[in-house]
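# coords please:
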Amino acid sequence: MQTVKMVVTGPFNSGKTAFIKSVSEIDVVSTERKISAEAERIKETTTVAMDFGRITVDDELVLYLFGTPGQKRFDFMWEILSEGMLGFIVMVDSSRPETFREAKGILQTFRAYAPTPYVVAANKQDIDDAWTVNDLRIALKLDRNIKMLPCMAHDKESVKNVLLELLYSILEEMNE
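Down below sits the predicted model:
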């Protein structure tokens, strides 16, 4: 059996935990903790170490999903979680332009950890004020050949599409 380690990263509240929870066949191992008052206006908990989920694609392939913490104070976990990854997903909250620069920085950090395939997931596309995928691509200054996909982290089919695109990129690179 082949296992593929994928990392799901991105800024705080971009949808990483929801993304993994929506497709994992096991109860997600999560290290969420209650957060401080200033961030509580956005959400009540944050990942402090990692989230872990698993998906069996078929008899020969299993995906292991590792979600990173989004808050900068826990970024020491990023390099640890990136070890052995065959690809990564950068989640971007399409409705919060104030996080786009941080998302770009996270993308560059993970590229430096390992030259593996990656995709960018434009999350929260179901929200009225979400930026379109094309506008987000321009804001993040992403090259046309980088896969940027619309996503809704709570929607299993949407998440599966993002995972499949990354898996195709990984398999393509392995066959080169």
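# Give me the average confidence score over stretch 117-132.
Here stretch 117-132 scores 97 as its mean pLDDT.
# ditto for stretch 5-19
pLDDT averaged over stretch 5-19 gives 94.
# likewise stretch 91-99?
Mean predicted confidence for stretch 91-99 is 97.
# One more: stretch 161-168?
96.
# For it, buried residues please.
Neighbour counts over stretch 161-168 (16 or more other CB atoms under 10 Å) mark Asn161, Val162, Leu163, Glu165, Leu166, Leu167 as buried. All C-beta spots, glycine's among them, are computed from the backbone N, C-alpha and C.
# Need the CA coordinates for it. PDB is fine.
Provided in PDB are the C-alpha atoms of stretch 161-168 (Å, rounded to 0.1, in the frame of the first residue of the first chain):
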ATOM      1  CA  ASN A 161     -11.600  18.100  -6.000                       C
ATOM      2  CA  VAL A 162      -8.800  20.100  -4.300                       C
ATOM      3  CA  LEU A 163      -7.200  16.800  -3.000                       C
ATOM      4  CA  LEU A 164      -7.500  15.100  -6.400                       C
ATOM      5  CA  GLU A 165      -5.800  18.100  -8.200                       C
ATOM      6  CA  LEU A 166      -2.900  17.900  -5.700                       C
ATOM      7  CA  LEU A 167      -2.700  14.100  -6.000                       C
ATOM      8  CA  TYR A 168      -2.600  14.400  -9.800                       C
END
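# hmm, who's touching that stretch?
Residues outside stretch 161-168 that contact it (CB atoms under 8 Å, 6 or more residues apart in numbering) are 4, 6, 19, 23, 55, 57, 63, 87-89, 117-119, 121, 147, 149, 151.
# Can you show me the helices along the chain?
Secondary structure of the chain by DSSP state H: the helices cover 16-23, 37-40, 76-82, 100-113, 133-139, 156-174.
# tell me the most buried of these?
Highest mean neighbour count of the helices of the chain: helix 16-23, a mean of 24 (counted as mean count of other CB atoms under 10 Å).
# For it, what is the distance to the chain centroid?
9 Å (CA atoms, centre = their mean, to the nearest Å).
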